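Participant: No letters, just coordinates:
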């Protein structure tokens, strides 16, 4: 009888300890439920959404991790420097092991030992484009080289027809810069002299075909068809520097730092124009975002404080949420929630915090990083699970 009483007392104490621990965890995480975490041993370098979970690359291995944090498979691959996803798989490169393809079932296939100093680009047809300094190579899925060119000075981009675009200095005009478009077989479709080339000029594929050419610091922005014809030009140099954002409905947002926002469709038509800097005191240098017919901007609201504004497509206000912030915030969007990464001052220290907000402006939860580092990657899964990786290599799966 006495023994059973002792057992009941011990059980009661254990239950109280558990309740206290859970309460402390909720207090520290601002209501978030920590589902799992990785990176306590080998730091996580990068992760990608994958069928059935996440591809997780750490300092020693590559794994496919499901929603519960269980590794469905793990393959040794130390020292990953560059990686990419595409064509149904994951591609990882290290100096010692070269470029390898990892399939969704975890099988590993060496493609090439060619050196690289940029991440690979994967075409829709499975062709891989590798850049090693000024050398650009195209290889197939067996690792065989299809073609190569030298004197390339920009990152290449691949359009929806698998044409590849890049800037280069031709051997016979080494002081000049030309834009090239090559077909998948390596033949030159066209090239044109580019007299005012800057290193800041970039390209991105247009989902309707061809590419966008843009230079955020100078205001350049136009669309080229795959035959080299300029389809439209929305260059506004007099408005100054801008940030380019594309949403899931192919709408393009030019957030000019002086205050104006232009919304353009892929045919170049102006869908909307407004100025959240004047209307809401927004700071458009704080990485704005657009998703699900909502534009998100952040404005300063006094010392150690900021406000997140959710705007309709015409610039009118949906909702506003004020939050503590002592650093430049970054916005990440998901289906039903939006995340804000920032730092909050506590005494003389800055504490990295992730705010998770629902699509009506309600604060769902906050989470402080366990290693004191800011968030490097944040991804909102289809079920609203938030996957967040710090610069220190800790990966958390959060729900709340």
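Facilitator: Arrived safely, thanks for sending. No experiment lies behind these values; they were computed from the predicted model shown.

Participant: Any buried residues in stretch 124-132, and which?
Facilitator: 127-131 (16 or more other CB atoms under 10 Å). C-beta: built from backbone N, CA, C; applies to glycine.

Participant: How far off centre is it?
Facilitator: Using CA atoms, centre = their mean, to the nearest Å, we find the averaged C-alpha position of stretch 124-132 to lie 20 Å away from the chain's own average C-alpha position.

Participant: What is the end-to-end distance of it?
Facilitator: 21 Å (CA to CA, to the nearest Å).

Participant: Other residues contacting it?
Facilitator: With contact meaning CB atoms under 8 Å, 6 or more residues apart in numbering, stretch 124-132 is reached by 87, 91, 99, 111-112, 114-118, 120-123, 136-141, 146, 152, 155-156, 158, 160, 162, 164, 184.

Participant: For it, the averaged confidence score.
Facilitator: For stretch 124-132, the mean per-residue pLDDT is 95.

Participant: Also stretch 174-181?
Facilitator: According to the model, stretch 174-181 has a mean pLDDT of 94.

Participant: Would you map the helices across the stretch 201-350 of the chain?
Facilitator: Using DSSP state H, counting those that start in this stretch, the helices found in the stretch 201-350 of the chain span residues 276-280.

Participant: Go ahead and confirm residue 344 touches residue 351.
Facilitator: Yes. Using CB atoms under 8 Å, residue 344 and residue 351 qualify as a contacting pair, with a distance of 5.1 Å.

Participant: So if I had to pick from those two, which one is more boxed in?
Facilitator: Taking other CB atoms under 10 Å, residue 344 and residue 351 do not tie; residue 344 has more neighbours (19 against 15).

Participant: Residue 329 versus that one, what's the distance?
Facilitator: Distance, residue 344 to residue 329, using CB to CB, to the nearest Å: 11 Å.

Participant: for this protein, what helix or strand is lowest in average pLDDT?
Facilitator: Of all the helices and strands that make up the chain, helix 2-29 has the lowest average by mean pLDDT, DSSP states H and E, namely a mean of 39.

Participant: which residues of the stretch 101-250 of the chain fall in strands?
Facilitator: Listed in chain order, the strands found in the stretch 101-250 of the chain under DSSP state E, counting those that start in this stretch are 108-112, 121-122, 128-132, 135-139, 145-149, 157-158, 164-168, 178-182, 188-193, 202-205, 211-215, 220-224, 230-233, 242-246.

Participant: Give me the distance from the second one to the chain's centre.
Facilitator: So that's strand 121-122. 16 Å.

Participant: And for the first one?
Facilitator: Averaged C-alpha coordinates place strand 108-112 at 26 Å from its chain's average position (CA atoms, centre = their mean).

Participant: And the contacts of it?
Facilitator: Residues outside strand 108-112 that contact it (CB under 8 Å, 6+ apart): 75, 77, 91, 97-103, 128, 130, 139, 141-143, 145.

Participant: Weed out the non-buried ones from the residues you listed.
Facilitator: In the contacts of strand 108-112, burial by neighbour count holds for 77, 91, 97-102, 128, 130, 139, 143, counting by 16+ other CB under 10 Å.

Participant: Show me the two of those that sit farthest apart.
Facilitator: Set against one another by CB to CB, these have their most distant pair in 77 and 139, with a gap of 19.1 Å.

Participant: Which neighbours do residue 344 and residue 351 have in common?
Facilitator: Joint contacts of residue 344 and residue 351 (CB under 8 Å, 6+ apart) do not exist.

Participant: residues touching residue 352, list them.
Facilitator: If a contact means CB under 8 Å, 6+ apart, then residue 352 has 341-343, 368-369, 372-375, 390 as its contacts.

Participant: of all the residues you listed, which comes closest to residue 308?
Facilitator: Proximity of the contacts of residue 352 to residue 308 was ranked by CB to CB; the top entry is residue 342 with 10.2 Å.

Participant: Quick check: bridge partners of that closest one?
Facilitator: residue 353 (DSSP bridges).

Participant: what's the answer for the one 4 residues further on, then?
Facilitator: Beta bridges link residue 346 to residue 349 when assigned by DSSP bridges.

Participant: Return the distance of it relative to residue 353.
Facilitator: Applying CB to CB to residue 346 and residue 353 gives a distance of 10 Å.

Participant: More neighbours: these two, which one.
Facilitator: The residue with more neighbours, out of residue 346 and residue 353, is residue 353; 24 against 12, by other CB under 10 Å.

Participant: how near is the more buried one to residue 299?
Facilitator: To residue 299, residue 353 is 18 Å away according to CB to CB.

Participant: Also residue 289?
Facilitator: If you go by CB to CB, the gap between residue 289 and residue 299 works out to 14 Å.

Participant: Between the two, point out the one with more neighbours.
Facilitator: Counting neighbours by other CB under 10 Å for residue 289 and for residue 299 shows that residue 289 has the greater number, 22 against 19.

Participant: Confirm for me that the more buried one is in contact with residue 338.
Facilitator: Yes. The pair residue 289 and residue 338 passes the contact test of CB under 8 Å, sitting 7.4 Å apart.

Participant: what residues are shared contacts of the two?
Facilitator: The overlap between the contact sets of residue 289 and residue 338 (CB under 8 Å, 6+ apart) consists of 296, 331-332.
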